[in-house]
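> take a look and give me a structure for this.
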Amino acid sequence: MCYKGKWTCEERKCPSTCTILGRNTIVTFDKLTYTLEPVACAYTLVQTKARNNILKVSLEFTSCMKPFLSIFNCSVSLRIDIQDITAKITQHGLYINGDYNPKLNYMGKIISIMKASSLFYVIDGPDFNIMYNPGEEIYMKFQSSFRKKVQGLCGNFDSNINNEFVGLNGLSLHKTKFTQEFLASSCFADQREDIEIEPCSVYVDNLVTAKQYCSYLQESPVFLQCRDTVAIKPYYDLCMRDICASEVFSSKGFCTAMQSYTKECADNKIIVDWRSNRTLNNLCEGMQCEEGCIFGCRCPNGTLLDNRRNCVAIDKCTCFNKFEQKHYKAGEVIHRRQLDCTCIRGKWKCVPTLEEVICPRNQIWITNATGCQETCSTLSKPEECMVFENEFEGCRCPKYLVLSPNGTCVPPEDCPCQYGDTWMIARSKLKIGCSDLHLTTAMLEHHLYSNKLNPGLILSTCWASGEPHHSTFDGIHYSFHGNCEYVMSESTDGTFSITTKNVKCGYPAVTCTKDIIVHIFGNTINFVQGNTPTINGQEISDRGFTSAGISIKKTDFFFSLFTSIGLTVQWDLGTRVYIHLTEKWMGKVQGLCGNFDQDSTNDFISRSNSFEHVASAFAHSWRLYDCPLIPQDKPEYTMHPCDFFPSRRHWAMESCAPIKYGGTFALCRNNLPDNVVEMYYDDCIYDACGELAESLARWTKCLRPYHFENTGSRPITEVKQSRAYADIERVPPGAALPFDAPGPYKNHILPTADPKVPLVTNRSHMFECACDCECLCTAIANFARRCSGSGIVVKWRNNNRCAVMCEEPKVYRECGPANPRTCKDLWIAHEENSTYCTEGCHCPLGQVED
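From the prediction side, this is the model:
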């Protein structure tokens, strides 16, 4: 209801939809989007948590057919298990309890299945509805009665986007380990990691074609009316992934993305008439009607299709081992059930083995096993251990014991618990952030803790970093371009307000947070990049400031504002700001940081209390002045900075690589959800490329001190010996840099009139100047802070990457106290917050600053 210019809303328990799009894109019930590189097995999309599995929906994958490359796997069938009914839908038809249903329709007491169109099957069940377009799209709408009662690749339906990759043992897992837990128990293959990478980064030959077609989604006026309601980027990314993964060009990837986008628009009451566009109509004409028979290719006589979809002679046929889910070449030998089996003409020929079998540890040899071996890892799974069709023999644990990670058989209560790549002994305890974790029977139980002296110590953090990146208190990450002042967070009762001012700082669309203004207790505190912070117009010295209810302290890396009301603000003197709130403010704040109600699905609430779907519209509603709305659909806003400056991309990817690859952050990555790591990596790439335009303006400031202070009158050829200044030459006043950047930066005129200033013109070395790494180092530092918040402190700085030097006697610490003691406040009751820390130069242990 609209009342006094603001929406007054009645809270309702709403259904939610999990979506599977294209070859491998999943959008969970709580709206987390991620990709899965599947093995040729079945995965559980959603199942009820009850061990008797009242409902289970699974998706089966096998090797892709054209147009996709054969190294990838594609979905081939959807299976619904509910009570005593098993329904399986493939591209060839419908099967009920194993029997083919030629009518393609089924009406039962529990579920009904109908072929609703040439593309979609519709499955209706108690409190759920599924729309399935075989091989391309699945939409699973579940009512609120399933809230917090399901698990699987679709997440847990609890409105919290931060815990989607929580495993069956209760801990957040890397995506690979999370998806492994929801592989069918009959599948013995490991989740693939070998090609877990964006296809467009590998199959670059397809990149131009993919951009050519996928750009229709961003540029065609057909979709213009929907862009402010439904964000186009996820569907553009889907289109790019599927076309880049294709062996031959097909419009299938584009059409799937377009159809998914137009459906989402229709769900928001915006009808997109894409058929009125001749180009789109021709590309996706198959979506309008039934397709008839087509001519195809088959293998010549005497040859058969092998597992790689090549025609080979029969004696070259491979053999499949279902226990390993692996193909073997002709002539290869495997050992199973005391038999030596050889692959001959596509079949296993087995003879008894003469080898003596010795079981490891305390396992025993069993000859008539019919069920799988229960392990410490499978104890937490809701489904019962599977039963094989045929008996088999092998080494197993004695009855009532389970297999531990080291191969020893142990009682279930003695099972260790996995945390990342580490197994912790039974009855161990961990403290991570605001949770105590207690190990009981291979399961980790979560217990929120509060400080005894301050029961409101449970924190949540909102941050803004780099060029347009934000993360809310409830974990929603988003970016937007806005050149204005915004309410970052404010209390609904007027106790405090924090605003940020964004200004242009990079290529045409990039903006950065430059100014932070805090209003609290009648005080106005200004943190302004490049200036000394002030309180009520008076400068704050490096020794800090203390007044009733507030304390401001400076370390080498941060100015920090501490308050008596459970609010802390940290500013890094650059483009990073962190706002920490205790639980007393849950549901009592608003602004760009969201409402802190532990529901990540409702963070985009505007100033008028309406829900916005697009980040730019949400952010614009929280502007402080009447700034113009930034048109986010223009090319300069939709294009990635690395597309504006392609020569920058390789340097950015190489510089940001430690976040995603290598050993520096390996332990941290293993204990964070994969989507979180990807988020910080993408931010880093974006900032490293987007920083270029600002770097050009700073370029002479970076090089001039070196030239005059260090080279003196030496010939310029001597300066070339320095790697950091390789390939430099004198450039006449007002000369143009030979950039390939479009728009206002093409043939950019440098603002210098001094012919002695050396300018780098070789782009491969241009970005090594120390002045050009501020955004890069900020992005990596932001990820390192996330790691320390998870209890993993990483030593990532070195002489070659974002080096730090401290003045003696201070020492650099990656995780120092956020509110360090000083001689000035030793007498004050000091409550140190242990849920977050601050990197920088700190006094040695046992000493305080005077």
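> okay, CA-based contacts and neighbour counts for the rest of this
OK.
> tell me the centre residue of this structure?
With distances taken as Cα atoms, centre = their mean, the residue of the chain nearest its centroid is residue 675 (1.9 Å).
> quick one: it is in a helix?
Yes - under DSSP: H, G, I helix; E, B strand; the rest coil, residue 675 falls within a helix.
> just grab the bridge partners of the nearest residue to it once chain neighbours are set aside for me.
Nearest residue to residue 675, sequence neighbours excluded (Cα to Cα, 6 or more residues apart in numbering): residue 34, at 6.8 Å. Note on residue 34: beta-bridge partners by DSSP bridges are residue 26.
> burial count for residue 34?
16 (other Cα atoms under 10 Å).
> what is the end-to-end distance of stretch 177-191?
8 Å (Cα to Cα, to the nearest Å).
> you'd agree residue 22 is up against residue 236?
No - the criterion here is Cα atoms under 8 Å, and residue 22 misses it with residue 236 at 11.9 Å.
> what residues are shared contacts of these two?
residue 257 (Cα atoms under 8 Å, 6 or more residues apart in numbering).
> circling back: from memory the residue nearest to residue 675 sits against residue 677, does it?
No - using Cα under 8 Å as the test, residue 34 is too far from residue 677 to be in contact (11.8 Å).
> what's the distance between the residue nearest to the centre of the chain and residue 27?
With Cα to Cα as the criterion, residue 675 and residue 27 are 12 Å apart.
> now list whatever residues contact both of the two.
With Cα under 8 Å, 6+ apart as the test, residue 675 and residue 27 both reach residue 34.
> in the stretch 451-600 of the chain, which spans are helices?
Per DSSP state H, counting those that start in this stretch, the stretch 451-600 of the chain has no helices. Nothing in it meets that criterion.
> where does pLDDT dip in it?
Residue ranges of the stretch 451-600 of the chain with pLDDT under 70: 451-458, 506-509.
> same check, this time on the stretch 101-250 of the chain
Along the stretch 101-250 of the chain, segments meeting pLDDT under 70 span 192-197.
> now the helices: where do they sit in it?
175-181, 199-202, 207-219, 233-244.
> who are the packing partners of the first one?
Here helix 175-181 is seen to pack against helix 674-690 when contacts are counted using 3 or more Cα pairs under 8 Å, 6 or more residues apart in numbering; DSSP states H and E.
> helix or strand for residue 266, which one?
In this structure, residue 266 sits in helix 252-267 according to DSSP states H and E.
> phi, psi for the nearest residue to residue 488 once chain neighbours are set aside please.
Distance criterion Cα to Cα, 6+ apart; nearest residue to residue 488, sequence neighbours excluded, is residue 592 at 4.6 Å. For residue 592, the backbone dihedrals are phi -60, psi -20 (criterion: degrees, to the nearest 10).
> contacting residues around residue 592?
Here residue 592 is in contact with 472, 486-489, 618-619, 622 (criterion: Cα under 8 Å, 6+ apart).
> tally of neighbours for residue 264?
A count of neighbours around residue 264, defined by other Cα under 10 Å, yields 17.
> actually residue 348, sorry about that
20.
> so how far is residue 321 from it?
Taking Cα to Cα, one finds residue 348 at 9 Å from residue 321.
> equivalent analysis for residue 76, please.
Where residue 321 is concerned, residue 76 sits at a distance of 20 Å (Cα to Cα).
> one more: residue 114?
In terms of Cα to Cα, residue 114 sits 36 Å off from residue 321.
> coming back round to it: between residue 76 and residue 321, tell me which one has more neighbours.
Remark: of residue 76 and residue 321, residue 76 carries more neighbours, 19 against 11, as counted by other Cα under 10 Å.
> my guess is the more buried one contacts residue 137. True?
No - between residue 76 and residue 137 there is no contact under Cα under 8 Å: 11.3 Å.
> quick check: residue 788 is in a helix.
Yes - residue state for residue 788 (three-state DSSP) corresponds to a helix.
> I'd assumed residue 794 was in contact with it.
Yes - with contact defined as Cα under 8 Å, residue 788 and residue 794 form a contacting pair (7.3 Å).
> which one of those two has more residues nearby?
residue 788 (21 against 17).
> domains in the chain, as residue ranges please.
Here the domain parsing of the chain from automatic domain parsing is 16-181, 199-287, 303-352, 459-632, 640-792.
> nearest to residue 820, of the ones you listed?
Closest to residue 820 of those is domain 459-632 (Cα to Cα; 8.5 Å).
> so what's the gap between that closest one and the chain middle?
23 Å (Cα atoms, centre = their mean, to the nearest Å).
> what of stretch 219-236?
On Cα atoms, centre = their mean, the centre of stretch 219-236 falls 22 Å from the chain's centre.
> what lies in contact with that stretch?
Outside stretch 219-236, the residues within contact range by Cα under 8 Å, 6+ apart are 214-215, 217-218, 257-258, 260-261, 264-265, 268, 270, 272-274, 277, 612-614, 617, 633.
> filter the residues you listed down to the buried ones and hand me the PyMOL line.
Of those, the buried ones go into a single PyMOL selection, burial set by 16 or more other Cα atoms under 10 Å:
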select buried, resi 214+217+218+257+258+260+261+264+265+270+272+274+612+613+614+617+633
